[in-house]
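A.B. asks: need coordinates for the below:
(chains A, B, C and D)
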Number of protein chains: 2
Amino acid sequence: MPKIVDRAAMKARIIEAAMTAFQRHGYVSAKMTDIAEEAGLAKGTLYLYFKRKEDLTRALVDAFFAHWEAALSEMPAPEKVEDFAAQLRYSSLPDGQSQREVRMFFEILGSSTGSEDLLIAVAQFQDRLGRFYAEKLDALAEKGKLRAGLDTAATGRALAAMFDGLVLHRSLFLTDSARYVVIVDQAIGAILSGILAEAV
Amino acid sequence: MPKIVDRAAMKARIIEAAMTAFQRHGYVSAKMTDIAEEAGLAKGTLYLYFKRKEDLTRALVDAFFAHWEAALSEMPAPEKVEDFAAQLRYSSLPDGQSQREVRMFFEILGSSTGSEDLLIAVAQFQDRLGRFYAEKLDALAEKGKLRAGLDTAATGRALAAMFDGLVLHRSLFLTDSARYVVIVDQAIGAILSGILAEAV
DNA sequence: ATTTTTAATGACCGTCAAGTCATAAAAAAA
DNA sequence: TTTTTTTATGACTTGACGGTCATTAAAAAT
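C.D. replies: Now for the predicted structure:
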């Protein structure tokens, strides 16, 4: 007798609408009404699936993490140094859509610094990313391609932070693509071979 | 006959109070009343010095830029590679107070992505920072300490972005000091000498 | 002391958006 | 078709905060 809906599908639909609304109006300015409109629903309906706006935001962020990690898991272990360089390069050259997502993500996190939960979730994601880079480094190290005495775990985490910086700057400040490409290539060059004429 | 006050000093006092209030309550949660209370003034008084909350925020950000740039200008041109390494290290190991400031700054910028003006101001600051690093690199390059073919302008800007990433991660995610120090040292090591066993 | 002009105050107003809930619609079963 | 249960709706409530302004306080000059 009862009307039945697929709650998971409905949540996904709302999250999707929220992404669009956040990118269109900005996270801070996007109202629940905007999201509802985007989803083709009434505002009250959203509250049947997410008790608070904050819950919706959190679900969106989690969906994003899952999405990014799926993309990462497609990257194979690098055979050669050039493979690794290509992977770094790929990671740091977001397309227009990804840039908008990064910007949205930045806005969400910035506006939610009070939420310790979210901060922890992001910290854990960044640690996983660091471990991911560390794995790639380990693969190269096994082949003897890397300098002796390299702390791959710490270096991997450093790469996560530094490339986060690059991508953030790309999305917020460095709107000139050509200029940014040069910057990234110099960054990768420095990390691979250093900037010095000879080792210290 | 008239009562007279030093408007500049009053503005500075309010900005100071805003800094404290933003760090205490978080930027988003800090109300004009909180700032007034912190400054020992009534809310209405704030509006005699700043027409809008946004204006106060902007003045605070500008004060910060001035402050940071003053600190930067104290750094001399590096004589040796070790000097440069020390400067990078110093830049990336914020003390507790600076960490709180970085976090506050992150929150301000994140919550104000809509304000194109602010974004431009920050972008310009980051460019100045990039040029600052580039100068240091040029000083070393003149002494023949750097790899041939290094684009110092682009590398300087890359350093600004990457160390921004590190400091941001330090302030938001990497609360373990010891761990962070290792990460920074690996990052600096990589940038100076690269991670490869031999040049590609 | 008085006057005059500017500064400070905080109760008040208007706005605005999150969240609620009585009512209506949908759809599954009988 | 009717019943029954769940889902959808959007007008309404509620609370909050930025910004205002009539009133009061301060202090400089006479």
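A.B. asks: spell out which residues make up each domain of chain A.
C.D. replies: Annotated domains of chain A cover A:1-51, A:53-195 [automatic domain parsing].
A.B. asks: does the longest one reach DNA strand C?
C.D. replies: Spelled out, it's domain A:53-195. Yes. Using C-beta under 7 Å from any atom of the strand, we find that domain A:53-195 touches DNA strand C at A:Lys53, A:Glu54. Any C-beta I mention is one placed from the backbone N, CA and C, and that applies to glycine too.
A.B. asks: so is that domain next to DNA strand D?
C.D. replies: No. Figure legend: domain A:53-195 not in contact with DNA strand D (C-beta under 7 Å from any atom of the strand); closest approach 12.0 Å.
A.B. asks: how many other residues sit next to the residue in chain A that chain B sits nearest to?
C.D. replies: Going by C-beta to the nearest C-beta, chain B is nearest to A:Gly110 of chain A, at 1.2 Å. Other residues within reach of A:Gly110 by the criterion other C-beta atoms under 10 Å in any protein chain shown amount to 23.
A.B. asks: can you pull the pLDDT of it?
C.D. replies: pLDDT, A:Gly110: 96.
A.B. asks: skipping adjacent residues, who's closest to it in space?
C.D. replies: Among residues not flanking A:Gly110 along the chain, B:Gly110 sits closest, at 1.2 Å (C-beta to C-beta, 6 or more residues apart in numbering or on different chains).
A.B. asks: list the contacts for the one you found?
C.D. replies: A:Phe106, A:Glu107, A:Ile108, A:Leu109, A:Gly110, A:Ser111, A:Thr113 (C-beta atoms under 8 Å, 6 or more residues apart in numbering or on different chains).
A.B. asks: got it, and A:Ile191?
C.D. replies: A:Leu88, A:Leu159, A:Met162, B:Ala190, B:Ile191, B:Gly194, B:Ile195.
A.B. asks: one more time with 10 Å
C.D. replies: With contact set as C-beta atoms under 10 Å, 6 or more residues apart in numbering or on different chains, A:Ile191 has these partners: A:84-85, A:88, A:155, A:158-159, A:162-163, B:158, B:162, B:187, B:190-191, B:194-196.
A.B. asks: before we move on, back to that, would you mind measuring from the residue of chain A closest to chain B to B:Tyr180?
C.D. replies: 21 Å (C-beta to C-beta, to the nearest Å).
A.B. asks: same question for A:Phe125.
C.D. replies: The value you get for A:Phe125 to B:Tyr180, if C-beta to C-beta is used, is 17 Å.
A.B. asks: comparing these two, which residue is more hemmed in?
C.D. replies: With neighbours defined as other C-beta under 10 Å, A:Phe125 and B:Tyr180 compare such that B:Tyr180 has more, 22 against 18.
A.B. asks: from what I see, that one and B:His169 are in contact.
C.D. replies: Yes. Shown here, B:Tyr180 and B:His169 form a contact pair, counting by C-beta atoms under 10 Å, at 8.1 Å.
A.B. asks: any residues in contact with both of those two?
C.D. replies: Both B:Tyr180 and B:His169 are in contact with A:Arg157, A:Ala158, A:Ala161, where contact means C-beta under 10 Å, 6+ apart.
A.B. asks: which element follows the lengthiest helix in chain A toward the C-terminus?
C.D. replies: Across chain A, the longest stretch assigned as helix under DSSP state H is helix A:116-142. Following helix A:116-142 in sequence order, the next helix or strand is helix A:152-172 (DSSP states H and E).
A.B. asks: that following helix near chain B at all?
C.D. replies: Yes. Legend: contact between helix A:152-172 and chain B by C-beta under 10 Å from any C-beta of the partner chain is shown at A:152-170, A:172.
A.B. asks: tilt between that helix and helix B:152-172?
C.D. replies: Going by axes from the mean of the first three to the mean of the last three C-alpha atoms, to 10 degrees, helix A:152-172 is angled at 110 degrees with respect to helix B:152-172.
A.B. asks: burial count for A:Lys31?
C.D. replies: Neighbours of A:Lys31 (other C-beta under 10 Å): 12.
A.B. asks: which residue does chain A bring closest to DNA strand D?
C.D. replies: In chain A, no residue comes nearer to DNA strand D than A:Gly44, which is 1.7 Å away by C-beta to the nearest atom of the strand.
A.B. asks: that residue against A:Ala36, yeah?
C.D. replies: Yes. Between A:Gly44 and A:Ala36 a contact is recorded at 8.3 Å, counting by C-beta under 10 Å.
A.B. asks: more crowded one of those two?
C.D. replies: Counted by other C-beta under 10 Å, A:Gly44 and A:Ala36 do not tie: A:Ala36 has more neighbours, with 20 against 9.
A.B. asks: could you point out which element follows the host helix or strand of that one?
C.D. replies: In the assignment (DSSP H and E), A:Ala36 maps to helix A:32-39. Of the helices and strands lying after helix A:32-39 in sequence (DSSP H and E), the nearest is helix A:43-49.
A.B. asks: next, the buried residues of the next helix-or-strand element following that next one.
C.D. replies: Using DSSP H and E, the helix or strand that follows helix A:43-49 in sequence is helix A:53-72. By 16 or more other C-beta atoms under 10 Å in any protein chain shown, the buried positions in helix A:53-72 come out as A:Leu56, A:Thr57, A:Arg58, A:Ala59, A:Leu60, A:Val61, A:Ala63, A:Phe64, A:Trp68.
A.B. asks: among those, which one sits closest to B:Tyr133?
C.D. replies: Closest approach to B:Tyr133 among those (C-beta to C-beta): A:Trp68, at 29.5 Å.
A.B. asks: hmm, that closest one is touching A:Gln126, no?
C.D. replies: No. Judged on C-beta under 10 Å, A:Trp68 makes no contact with A:Gln126 at a distance of 11.1 Å.
A.B. asks: can you show me the CA trace of stretch A:58-72 as CSV?
C.D. replies: Only the C-alpha atoms of stretch A:58-72 are listed here, as CSV (Å, rounded to 0.1, in the frame of the first residue of the first chain):
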residue,chain,number,x,y,z
ARG,A,58,29.1,16.4,4.6
ALA,A,59,27.5,13.7,2.3
LEU,A,60,28.7,15.8,-0.7
VAL,A,61,32.2,15.9,0.6
ASP,A,62,32.3,12.2,1.2
ALA,A,63,31.0,11.5,-2.3
PHE,A,64,33.8,13.6,-3.6
PHE,A,65,36.4,11.8,-1.7
ALA,A,66,35.1,8.5,-3.0
HIS,A,67,35.2,9.9,-6.5
TRP,A,68,38.7,11.2,-6.3
GLU,A,69,40.0,8.0,-4.8
ALA,A,70,38.4,6.0,-7.5
ALA,A,71,40.3,8.1,-10.0
LEU,A,72,43.5,7.7,-8.1
